[in-house]
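Student: Okay, predicted coordinates and the sequence, questions at the end:
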Amino acid sequence: MVTVYPKGTTIYKPEKCCNGYTVFPFSIEGKPGVLLIDMNGKIVNKWILNKSKISRIPRGRLLENGHIIILGGHMMSKEGQVQEHDWNGKLVWEYFPALSGYLDPHHDIFRKENGNTLLICREKVPEEYRKKAKDPKRRNLLYSDVILEVTPDKKIAWEWHEYKYLDINRCNPIPSSPTWWGGPDNNTITDWTHTNTVQALPENKWYDEGDERFKPGNVLLSLRQLDLVLIVDRDTKKIVWEYTGDYKGGLSGQHDSHMIEKGIPGEGNIIIFDNGASPYKDLSHAGCSFVLEVNPVTKKVVWEYEKRESFHSNFTSSTQRLANGNTLINETAGNRVFEVTLKGEIVWEYVYPKGAATRAYRYSYDYCPQARALGKPKEIPVIPPSNMRISPTKIPIE
């Protein structure tokens with residue numbers, strides 16, 4: 001991996017981009033926070049959690065009122081929480097799942113149009129379900145996830161416990177040592193499902209045409225350990241759709257699955273960052289990540305982005321279909337977020353100054369009143385030199 005490289009915006013072709021502001025969680029002044037930058041990498045706003053016990057932020061989403069909703073914590077602690085801050089950084093709402101008896105919220109949050117918030121929390125699988133596991137290693141301790149929908153007044157409006165609806169013996173066949181760098185609680189034996197994305201389905205053409213599986217409000221989930229994306233009927237709580245894929249062996253540790261909203265090219269399709277974390281069906285997926293756009297009715301891949309071994313992030317990462325048909329891709333392991341056209345041309349790239357962000361999301365200049373009041377920023381093209389070199393340092397001879 002290259003260790004010395006330019007930082008900030010390294011490629012920018014304004015006439016080909018879906019220009020706007022990009023939001024991503026990041027360490028700011030040594031503290032967890034969220035940044036909002038323009039296309040040239042200028043910081044437009046930042047939210048710093050100065051007095052919070054939150055040590056890391058896996059997801060931050062900008063809301064239409066200019067507030068930011070932040071997920072803080074990791075899977076095994078009891079200090080995680082969801083926070084909402086206004087444009088100026090004032091805390092206006094927070095929720096602690098531990099008060100309802102759950103472990104930390106992790107990976108993702110989703111604010112619904114009715115003001116409720118969807119979140120993912122880890123929970124222990126009850127013994128009556130664990131004892132049905134064929135692998136004795138999984139009978140003593142096993143974690144799955146519960147999906148919560150929380151109201152503004154912090155009441156649980158809906159919950160979905162994965163262990164009740166999934167086959168306990170449907171599990172990842174690749175073991176991971178408890179001593180690996182991901183930690184003893186982040187393995188394929190006790191960490192059964194590892195859900196990393198949640199979305200309430202938007203209005204879509206499939207439901208308009210009569211397909212009840214895609215009813216708006218049904219819940220779309222990505223379960224990393226099972227290489228599985230599924231949809232839960234919110235009313236019946238039954239799994240009504242699932243996808244494991246067949247593109248070069250199928251999904252492998254995927255993230256950020258979501259249905260493309262109406263009015264955006266590809267509307268109704270589901271876009272997925274397929275990491276290639278631990279492919280065991282096809283070695284052509286090893287060391288390679290893909291961004292896949294899937295027709296959920298036919299389950300066929302209708303668009304993909306892949307660059308063999310030059311594009312790979314084994315964990316985390318995200319993707320988003322933009323209003324002009326381009327796709328925003330956050331390659332966490334590559335320390336960058338970039339925008340590509342449908343033909344795969346990179347028209348914008350931003351290299352994180354230090355470390356990397358787990359997710360990134362693009363918003364239009366007029367997405368919220370506060371952004372609209374800033375006016376359209378300057379859009380200065382950035383064309384990298386074709387042959388850039390660092391001159392040797394002159395060391396004086398004593």
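Tutor: Right, received. Where do you want to start? Note that this is a predicted model, so its numbers are computed, not measured. Numbering: from 1, shown residues only.
Student: give me the number of residues near Thr22?
Tutor: Residues lying near Thr22 (other CB atoms under 10 Å) number 24. C-beta coordinates here come from the backbone N, C-alpha and C atoms, glycine included.
Student: tell me the mean pLDDT for the host helix or strand of it?
Tutor: Per DSSP states H and E, Thr22 falls inside strand 21-28. Averaging pLDDT along strand 21-28 yields 92.
Student: Show me what it packs onto, helices and strands only.
Tutor: In terms of contacts (3 or more CB pairs under 8 Å, 6 or more residues apart in numbering; DSSP states H and E), strand 21-28 is packed against strand 31-37, strand 43-48, strand 59-62, strand 361-363.
Student: which one of these has the most crowded surroundings?
Tutor: strand 59-62 (a mean of 25; mean count of other CB atoms under 10 Å).
Student: avg pLDDT for it?
Tutor: Mean predicted lDDT for strand 59-62 stands at 96.
Student: now do stretch 108-126
Tutor: 96.
Student: any idea how far that stretch is from the chain center?
Tutor: Relative to its chain's centre, stretch 108-126 lies at 14 Å (CA atoms, centre = their mean, to the nearest Å).
Student: Of the helices and strands packed on strand 21-28, which is nearest Phe315?
Tutor: Closest approach to Phe315 among the helices and strands packed on strand 21-28 (CB to CB): strand 59-62, 14.4 Å.
Student: Output the following helix or strand past the closest one in PDB with nothing but the alpha carbons.
Tutor: Counting by DSSP H and E, the element after strand 59-62 in chain order, helix or strand, is strand 68-72. Provided in PDB are the C-alpha atoms of strand 68-72 (Å, rounded to 0.1, in the frame of the first residue of the first chain):
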ATOM      1  CA  ILE A  68     -27.000  16.100  12.100                       C
ATOM      2  CA  ILE A  69     -27.900  12.700  13.500                       C
ATOM      3  CA  ILE A  70     -24.900  10.800  14.900                       C
ATOM      4  CA  LEU A  71     -24.400   7.200  15.900                       C
ATOM      5  CA  GLY A  72     -21.800   6.700  18.500                       C
END
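Student: Between strand 43-48 and strand 68-72, find me the angle.
Tutor: With axes from the mean of the first three to the mean of the last three CA atoms, to 10 degrees applied, the angle from strand 68-72 to strand 43-48 works out at 50 degrees.
Student: Direction included, what does strand 68-72 pair against?
Tutor: Using DSSP bridges, the strands paired with strand 68-72 are strand 59-62 (antiparallel), strand 81-85 (antiparallel).
Student: Name every sheet partner of the strand holding Thr22 and say whether each one runs parallel or antiparallel.
Tutor: For strand 21-28, pairing defined by DSSP bridges yields strand 31-37 (antiparallel), strand 361-363 (antiparallel).
Student: helix or strand right after the shortest one?
Tutor: Remark: after strand 361-363, the chain's next helix or strand is helix 369-374, criterion DSSP H and E.
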